[in-house]
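Colleague: whatever this is, show me its structure:
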Amino acid sequence: MNQSPLLPLREELAAVTPYGAPQLEVEARLNVNENPYSPSPEMVADIAKAVARVGTGLNRYPDRDFVELRQALADYLLLECGHSFPVQHIWAANGSNEVMAQLLGAYAGPGRIVLGTEHSYSMYPEYVRGAHSRYVTVPRQSDFNVDLTVLTGALQDLRPSVLLLANPNNPTGTVITEADLKQILQVAQQTGPIIDGESTATVVVIDEAYGEFRDSGQPSALALLEKFPHLAVSRTMSKSFGMAGLRLGYLVAAKTIIYDIMRVRLPYHLSALTQAAAIAALSHASEQLDQLAQLRKRRDKLASWLAAQGYVVPKTQANFVLFGPFENRHKVFNDLLERGVLIREVGPTGFLRVSIGSEREDQAFRAALEEVTK
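Modeller: A predicted model of the protein is given here:
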């Protein structure tokens with residue numbers, strides 16, 4: 001076999017390793033914040049019927065603008081948080097990953113800055129790198145909440161084109177209050193790059209991947225969209241609908257932002273099968289929301305239990321709990337894995353993150369943690 005030629009890999013990628021949380025078959029897989037419950041038999045049957053219906057037309061390209069799916073998402077949002085949006089304000093893609101890539105494709109780029117915070121989603125730097133932009137983070141407070149003074153100061157000093165904020169935040173589970181978010185949005189109205197001598201807005205992207213797990217008193221950022229047209233709210237069906245394997249993320253934003261995304265999206269990016277399956281799943285929204293209520297209760301119980309064991313546990317409104325600190329978190333991680341419990345070694349130094357699983361998985365985690373730390 002001839003020696004392979006040297007390939008022209010981008011120089012900045014030479015030291016980069018592909019993203020990959022461990023995918024292991026263990027008793028309790030609690031590392032990637034999945035919904036522990038499979039779709040109901042009724043949902044699976046409806047998805048199968050919907051996919052079969054579109055199967056005969058797979059020789060044709062799918063609906064490029066997926067209007068029916070966008071309407072189904074609008075109906076869901078009205079049910080979940082009481083806000084009504086026309087389809088022109090809704091977009092969808094293959095997971096919220098692609099939504100983020102499209103947003104940065106439209107608003108980031110060479111010479112531009114994307115702002116974020118420390119101890120947030122580990123993929124944000126990867127998204128920004130793919131957009132050939134510079135990612136800058138500001139520190140959080142000691143309780144892992146956003147430092148409003150530092151963040152708004154960075155907006156004014158750096159003039160980023162995009163601000164990425166996960167809310168609830170991953171991996172800490174902490175949230176930004178509506179009052180603080182309003183202040184951030186007000187400042188961001190004039191802190192974007194200067195273009196042709198004019199100040200632009202920083203596009204504020206609120207990543208609500210875990211939005212359905214927020215406490216009842218915590219409103220969605222969707223409530224602020226009408227007042228702040230430079231706000232974009234990203235969501236996903238992965239956690240709330242137990243559909244991580246479907247890869248369906250979506251965005252709610254002003255029509256101008258949706259149109260700008262359409263400038264950079266690849267044609268026919270959302271398959272007919274994905275559209276059909278998502279629409280069928282959304283018809284089961286009520287049962288899924290009931291299930292999420294139970295997961296929130298178990299999350300709070302697990303957080304209280306961990307706090308009672310003496311760990312620092314930030315107040316979480318997601319489907320996971322951050323806890324620690326440990327002198328050697330890697331050893332604890334490995335000791336748990338040896339006992340069939342897979343969690344995540346991520347976030348602030350010394351801390352670990354555990355997803356909320358089934359009752360059996362939660363109990364397996366508690367028993368294993370007590371054993372390895374006694």
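
Colleague: which parts of stretch 92-109 are buried?
Modeller: Residues of stretch 92-109 classed as buried by neighbour count (16 or more other C-beta atoms under 10 Å): 92-108. Yep, even glycine has a C-beta here, placed from its N, CA and C like the rest.

Colleague: typo on my end, it should be stretch 308-322
Modeller: So, applying 16+ other C-beta under 10 Å, buried residues of stretch 308-322: Tyr311, Val313, Pro314, Lys315, Thr316, Gln317, Ala318, Asn319, Phe320, Val321, Leu322.

Colleague: tell me the one among those residues nearest to Lys297.
Modeller: Distance to Lys297 across the buried residues of stretch 308-322 (C-beta to C-beta) is lowest for Asn319, with 11.7 Å.

Colleague: that closest one and Leu302, how far apart?
Modeller: For Asn319, the distance to Leu302 (C-beta to C-beta, to the nearest Å) stands at 10 Å.

Colleague: shared neighbours, these two?
Modeller: Ile356 (C-beta atoms under 8 Å, 6 or more residues apart in numbering).

Colleague: since we're on Ser142, how many residues are nearby?
Modeller: Look at Ser142: counted by other C-beta atoms under 10 Å, it has 7 neighbours.

Colleague: distance of it from Pro348?
Modeller: Following C-beta to C-beta, the distance that separates Ser142 from Pro348 is 10 Å.

Colleague: how about Ala223: what's its closest non-neighbour residue?
Modeller: His83 (6.4 Å; C-beta to C-beta, 6 or more residues apart in numbering).

Colleague: return the backbone torsion pair for that neighbour.
Modeller: Main-chain dihedrals, His83, degrees, to the nearest 10: phi -110, psi 140.

Colleague: please tell me I have it right and it contacts Tyr76.
Modeller: No - if you go by C-beta atoms under 8 Å, His83 and Tyr76 don't touch, sitting 10.8 Å apart.

Colleague: poorly predicted segments of this structure, please.
Modeller: Flagging of the chain using pLDDT under 70 yields the residue ranges 1-2.

Colleague: and the helices in it?
Modeller: According to DSSP state H, the chain carries its helices in the segments 41-55, 67-81, 95-107, 124-130, 148-158, 178-188, 255-264, 272-282, 285-308, 329-338, 359-373.

Colleague: need the buried residues of stretch 308-322 in a markdown table (columns: distance to Thr56).
Modeller: As requested, those are exported to a markdown table (distance: C-beta to C-beta, whole Å):
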| residue | distance to Thr56 |
| --- | --- |
| Tyr311 | 55 |
| Val313 | 52 |
| Pro314 | 51 |
| Lys315 | 51 |
| Thr316 | 46 |
| Gln317 | 44 |
| Ala318 | 41 |
| Asn319 | 38 |
| Phe320 | 41 |
| Val321 | 46 |
| Leu322 | 48 |
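
Colleague: please flag which of those residues sit within strands.
Modeller: Per DSSP state E, strands hold the following members of the buried residues of stretch 308-322: Phe320, Val321, Leu322.

Colleague: next, the contact list for the second one, please.
Modeller: The contact partners of Val321, taken as C-beta under 8 Å, 6+ apart, are Gly173, Arg299, Leu302, Ala303, Leu306, Val313, Arg353, Val354, Ile356.

Colleague: wait, which of those is closest to Lys239?
Modeller: For the contacts of Val321, the minimum distance to Lys239 (C-beta to C-beta) is 10.1 Å, reached by Ile356.

Colleague: separation between Asp180 and Ser355?
Modeller: Distance, Asp180 to Ser355, using C-beta to C-beta: 27 Å.

Colleague: so those two - more neighbours on which side?
Modeller: Neighbour count, other C-beta under 10 Å: between Asp180 and Ser355, Ser355 has more, with 26 against 16.

Colleague: what is that one paired to in the beta sheet?
Modeller: In this structure, Ser355 bridges to Phe320 when assessed by DSSP bridges.

Colleague: do Val233 as well
Modeller: Bridge pairing for Val233 - DSSP bridges - gives Ile206, Val252.

Colleague: wait, isn't it in contact with Ala253?
Modeller: Yes - at 6.9 Å, Val233 and Ala253 qualify as touching, with contact defined as C-beta under 8 Å.

Colleague: need the overlap of contacts for the two.
Modeller: Leu225.

Colleague: tally of neighbours for the nearest residue to Glu178 once chain neighbours are set aside?
Modeller: Nearest residue to Glu178 in three dimensions, chain neighbours excluded: Pro219, at 5.4 Å (C-beta to C-beta, 6+ apart). Neighbour count of Pro219, defined by other C-beta under 10 Å: 15.

Colleague: thought Pro219 was touching Thr177?
Modeller: No - using C-beta under 8 Å, Pro219 is not in contact with Thr177; the gap is 9.4 Å.

Colleague: give me the neighbour count for Leu231.
Modeller: Counted with other C-beta under 10 Å, residues neighbouring Leu231 total 25.

Colleague: list the contacts for it?
Modeller: Listed by C-beta under 8 Å, 6+ apart, the contact partners of Leu231 are Leu185, Val204, Ile206, Ala221, Leu224, Leu225, Ala253, Ala254.

Colleague: nearest residue to the fourth one other than its sequence neighbours?
Modeller: By that I understand Ala221. Nearest to Ala221 is Ile206, by C-beta to C-beta, 6+ apart, at 4.1 Å.

Colleague: that neighbour contacts Asn169, correct?
Modeller: No - using C-beta under 8 Å, Ile206 is not in contact with Asn169; the gap is 10.7 Å.

Colleague: can you pull the contacts of Glu287?
Modeller: So Glu287 contacts Ser40, Met43 (C-beta under 8 Å, 6+ apart).

Colleague: and if we set it to 10 Å?
Modeller: Going by C-beta atoms under 10 Å, 6 or more residues apart in numbering, Glu287 touches Pro39, Ser40, Glu42, Met43, Phe241.
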